[in-house]
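Q: Sequence first, then the predicted structure:
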Amino acid sequence: MTFFLFLLQGLFVPVVSPLCVGVIKKIKARLQNRQGASIVQPYRDLWKLFHKDERVSRDASWIFFVAPFIVFTVTIFVGWNIPLFSLVSGLSLTSDALVIVYALALGTFFLALSGMDIGGAFGGFGSSREMTLSALAEGGFIFSLLTLALMAGTTDLFDIASHPLFHNGQYFIPVVLAFSGFFIVLLAETARFPFDNPATHLELTMIHEAMILEYSGKRLALMEWASANKLVVFFALGANIFFPIGLSSSVSMSALLIGIGALLLKLFVFCIVIALIESSMAKFRFFRLPDLLVASFILNAVAIGLVHSL
């Protein structure tokens, strides 16, 4: 991998992620017959937060101070090691599916710890709900990637995305089932409807927002930015692992531009789907959410069974 491609791969997720959040909010506003804020408003919000002072509780420990940096770094690391717009990878050890899954789990772990660190009620129940959903979603997440790994004969995400089995029609149904399970996990891991409402601070509905309620200033900016990064990471995984169309197989400038254009188009499609879901349905009650994640696990288990039988 050339240095330019390596640098571009690392910068893409943090640069584009606030734009994705802005596009989703804009589409939702249009669907609700509102003008809505500009699609670059999330960039302005981050800029504002980075220039504001912080208020920190006297009960905060070192976990509260370092957690935003760990959570943000994890999303950058994962974005650096998944197929975004090119199939060329120089770090095969860190692009393994299990490395990606457990790196994201590490970020979730420190996010939950930071929510409980102050000892407040909101942070506590937010962390409790987050860990409950994460524990249930992890199985579906691993099984969705395992389905593709079995088809490709490798757990490296770049090799999975470049494997010719995806162009063979016999695996169409397993891929669709695995993607359906993955999409449910995507909604859970990125705190989207019907699992969470990213636009609310109501006690009965908060999960992710409850855990970062005590943060302000620069550390809140890092938490918000990390959440947007994670959204783009899951969009890219869904788009490029299950439907690896338009990925560049060389490091030439023209091929990279085509790959970046294809990825931006896929991200826009995901933004439209998320906006449509959040504008057409209500958030589920918390006790109904495990059923949805179990359904994700079952879909992926059926997909693995079909792969073995074919």
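A: Looks like it came in fine.

Q: So which residues of this protein form strands?
A: For the chain, strands defined by DSSP state E do not occur.

Q: Return the residue of it that is most distant from the centre.
A: R58 (32.3 Å; CA atoms, centre = their mean).

Q: Need the phi and psi values for it.
A: For R58, the backbone dihedrals (degrees, to the nearest 10) come out as phi -70, psi -10.

Q: any weak-confidence spans in the stretch 1-150 of the chain?
A: 1, 89-92 (pLDDT under 70).

Q: if we go to 90?
A: With pLDDT under 90 as the threshold, the stretch 1-150 of the chain has low-confidence stretches at 1-10, 55, 57-59, 85-95, 118-126.

Q: just the helices in it please.
A: 3-31, 41-50, 62-80, 97-117, 121-152 (DSSP state H, counting those that start in this stretch).

Q: Compare those and give me the one nearest V175.
A: helix 121-152 (7.5 Å; CB to CB). C-beta coordinates here come from the backbone N, C-alpha and C atoms, glycine included.

Q: export the helices of the stretch 1-150 of the chain to a markdown table and tack on distance to V88 and mean neighbour count?
A: Putting the helices of the stretch 1-150 of the chain into a markdown table (distance: least, CB to CB, whole Å; neighbours: other CB atoms under 10 Å) gives the following:
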| stretch | distance to V88 | mean neighbour count |
| --- | --- | --- |
| helix 3-31 | 6 | 18 |
| helix 41-50 | 29 | 16 |
| helix 62-80 | 13 | 19 |
| helix 97-117 | 18 | 20 |
| helix 121-152 | 17 | 21 |
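
Q: For E278, which of those helices is the nearest?
A: Per CB to CB, nearest to E278 of those: helix 3-31, 6.0 Å.

Q: returning to what we had before: so for G238, which of the helices of the stretch 1-150 of the chain sits nearest?
A: helix 121-152 (9.3 Å).

Q: just the angle between the closest one and helix 62-80, please?
A: With axes from the mean of the first three to the mean of the last three CA atoms, to 10 degrees defining the directions, helix 121-152 sits at 30 degrees from helix 62-80.
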